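Asker: One predicted model, sequence on top.
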Amino acid sequence: MITSRTRAVVLLGAAFLLGLTAGGAGIAMAARSGKVHLDGHGPGDRGDNRGGWMSELDLSTEQRDSVQAAYRLRECSMDSVFKRIRPQTDSLYETIRADVEARRELTRDHIRALLAPTQLERYDSIVRSDDENRRRQRDSRPSPCDRSIESSGGPRGNQ
């Protein structure tokens, strides 16, 4: 016979795993969309300077291109890691999608109650745009590996 305590511990463990998986899926989706980067740098830290250290080293153009190509290769290898768990995280998220959307709508209703009519019109427009972007990202989920690494000359740049 299962005791209430055992049942509670099992439920707590299941909730923890569900949260961990959903969080991982959310981070992976955000990384694919470019909103966050798994290397600890935000979108503003990427590109030509990688957090400032590239300019501190006074890299040549060739070196800078090679460093950026190396980062692109790493993004592809990380993407292949996340592809292994994508079916499980997608399936798990589908089990909670209705709850997530209901809570999102409840929050929006609370916000709508605070807005003036002109603000409400603009807010609803923003929400529609956000929803459409979310649907597009969910449906497309481009991989960083979709970009051609060969066109950048590979990890060593165009030498």
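Answerer: Happy to help now that I have it. Numbering: from 1, shown residues only.
Asker: What residues of whatever helix or strand residue 133 lives in count as buried?
Answerer: Element membership for residue 133 (DSSP states H and E) is helix 117-140. The neighbour-count check on helix 117-140 (16 or more other C-beta atoms under 10 Å) flags 123, 137 as buried. Just so you know, the C-beta spots here come from the backbone N, C-alpha and C atoms, and that holds for glycine as well.
Asker: same check, this time on stretch 54-64
Answerer: Using 16+ other C-beta under 10 Å as the test for burial, stretch 54-64 gives 54, 59, 64.
Asker: so how far is residue 56 from the closest residue to the second one other than its chain neighbours?
Answerer: Taking C-beta to C-beta, 6 or more residues apart in numbering as the measure, residue 59 lies nearest to residue 67, with 6.8 Å between them; neighbours along the chain are not counted. Separation of residue 67 from residue 56 (C-beta to C-beta, to the nearest Å): 13 Å.
Asker: same question, residue 140
Answerer: The value you get for residue 140 to residue 56, if C-beta to C-beta is used, is 37 Å.
Asker: how about the nearest residue to residue 111, chain neighbours excluded?
Answerer: Using C-beta to C-beta, 6+ apart and skipping residues adjacent in sequence, the residue nearest residue 111 is residue 123, 6.8 Å away.
Asker: looking at it, the one you found is touching residue 113, isn't it?
Answerer: No - Residue 123 lies out of contact with residue 113 (C-beta atoms under 8 Å); the separation is 11.1 Å.
Asker: Return the helix or strand in the protein with minimum mean pLDDT.
Answerer: helix 53-56 (a mean of 77; mean pLDDT, DSSP states H and E).
Asker: Can you list the helices and strands that that helix packs against?
Answerer: If you count contacts as 3 or more C-beta pairs under 8 Å, 6 or more residues apart in numbering; DSSP states H and E, helix 53-56 packs onto no helix or strand.
Asker: Can you show me the CA trace of it as PDB?
Answerer: Only the C-alpha atoms of helix 53-56 are listed here, as PDB (Å, rounded to 0.1, in the frame of the first residue of the first chain):
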ATOM      1  CA  TRP A  53      37.500  40.100 -25.700                       C
ATOM      2  CA  MET A  54      38.000  40.000 -29.500                       C
ATOM      3  CA  SER A  55      38.700  43.700 -29.600                       C
ATOM      4  CA  GLU A  56      40.900  43.500 -26.500                       C
END
